[in-house]
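[1] Pasting a predicted model and its sequence here:
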Amino acid sequence: MEVRRAKTSGFCFGVSLALEKLDAEVEKHDTKIATLGPIIHNPQVLKRYEDLNVRCLENAEEANADERVVIRAHGIPRETETALSESCEEVVDATCPKVKRAQLGIFNMIRKGCFLLLYGEKDHPEVRGLMSYAGDKAFLFNSLEELKKFPLSADIDYCLAAQTTQDREEFARIDEYLQGQLQEHLQVLNTICNATRERQQEAIALAKEVDAMVVVGGYSSGNTRRLADVSRAQGCLTFHVEQPEELSEADFSGMKVVGLTAGASTPRSIIDATEEFLKKL
């Protein structure tokens, strides 16, 4: 069976940078290391750091005074970062630069008096961080339909932003709707990162020319789930797995060409193993 692999599948810049920072701290061997939340959304990567005695904290209060704590790639809320700096030896910020730019952009818009309209997932850690920069001047929504139920005011200036891994095409539809409703009372922040756009475009293109798509990456990874979503939206049979062995029960009978892509937090070794698994079918 032929396997067509997306060119930009796997680690994005922000993930690579976060892991480089964590690796550098681990190699120092001069203090205990912890991360506040999973450094990225991939269970195999997290297991590797667990084996290196890197603790994964659920909240800032769990940090010990003798630990160096690395902030996850998704970022954390402002108040959590403040609490963390008061409870541990040192804070190392491994927030993705694109996420940090979104945080500061939102903060600046709020200071100018805007009300934030944020397109994102309610329980995603990045979204919790972004919302913290707006305080109570924000509305979070996960679809255009949900946004349309929110009462907009002609007397308020709004700022539209998105979780960095959201669907760019859906964001464009949301932007168009709000432009029609608010006109000069709307400011738009382009916070969806290029890596997300490139991966989604490749997944869409592949899905249109193959018999099925395989998307590899953590089930808790938002950008990976959206790769599977945009693939399915093309009417293509799509499998989202974390490990190639999960494909053992999938039915590929009669298929000649399968597409393969992966989330921005999926290690190359797992993508390679999945490609080899598919080629042997």
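    Structure's in. What do you need? Numbers count the residues shown, from 1 in each chain.

[2] And the strands in this structure?
    2-5, 32-36, 55-57, 67-71, 90-93, 115-119, 138-141, 158-162, 186-188, 212-216, 237-241, 257-262 (DSSP state E).

[3] which one of those is the most hemmed in?
    strand 212-216 (a mean of 27; mean count of other C-beta atoms under 10 Å). Using the backbone N, CA and C atoms, a C-beta is placed for each residue, glycine as well.

[4] That strand - contacts with which helices or strands?
    Using 3 or more C-beta pairs under 8 Å, 6 or more residues apart in numbering; DSSP states H and E, the elements in contact with strand 212-216 are helix 194-207, helix 222-232, strand 237-241, strand 257-262, helix 268-279.

[5] want to throw those into TSV with distance to residue 124?
    TSV is the format used below for the helices and strands packed on strand 212-216 (distance: least, C-beta to C-beta, whole Å):
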stretch	distance to residue 124
helix 194-207	13
helix 222-232	6
strand 237-241	17
strand 257-262	19
helix 268-279	22
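
[6] Of the ones you listed, which is nearest residue 167?
    helix 222-232 (5.7 Å; C-beta to C-beta).

[7] now what about the closest one, what contacts it?
    41, 121, 124, 126, 163, 165-167, 196, 199-200, 203-204, 206-207, 213, 215-219, 238, 240, 259, 261-266 (C-beta atoms under 8 Å, 6 or more residues apart in numbering).

[8] Narrow these to those that are buried.
    Buried by 16 or more other C-beta atoms under 10 Å: 41, 121, 124, 126, 163, 165-167, 196, 199-200, 203-204, 206-207, 213, 215-218, 238, 240, 259, 261-266, out of those.

[9] picking up where we left off before, just put the helices and strands packed on strand 212-216 in TSV and tack on mean pLDDT and distance to residue 37.
    Shown next, in TSV, are the helices and strands packed on strand 212-216 (pLDDT from 0 to 100; distance: least, C-beta to C-beta, whole Å):
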stretch	mean pLDDT	distance to residue 37
helix 194-207	93	20
helix 222-232	94	14
strand 237-241	97	22
strand 257-262	98	22
helix 268-279	96	21
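
[10] Among those, which comes closest to residue 36?
    Of all these, helix 222-232 comes closest under C-beta to C-beta, at 18.2 Å.

[11] Pop the domain breakdown of this protein in here.
    Residue ranges for the domains of the chain, per automatic domain parsing: 2-10+194-279, 14-95, 98-188.

[12] give me every residue that touches residue 33.
    Neighbours of residue 33 in contact, by C-beta under 8 Å, 6+ apart: 22, 25-26, 53-55, 67-70.

[13] Quick check: the gap between residue 246 and residue 275.
    In this structure, residue 246 and residue 275 are 14 Å apart, going by C-beta to C-beta, to the nearest Å.

[14] Of these two, which one has the most company?
    residue 275 (20 against 15; other C-beta atoms under 10 Å).

[15] Just confirm residue 216 contacts residue 242, I think it does.
    Yes. Applying C-beta atoms under 8 Å, one finds residue 216 in contact with residue 242, separated by 7.2 Å.

[16] Now the common contact residues for those two.
    Common neighbours of residue 216 and residue 242, using C-beta under 8 Å, 6+ apart, are residue 270.
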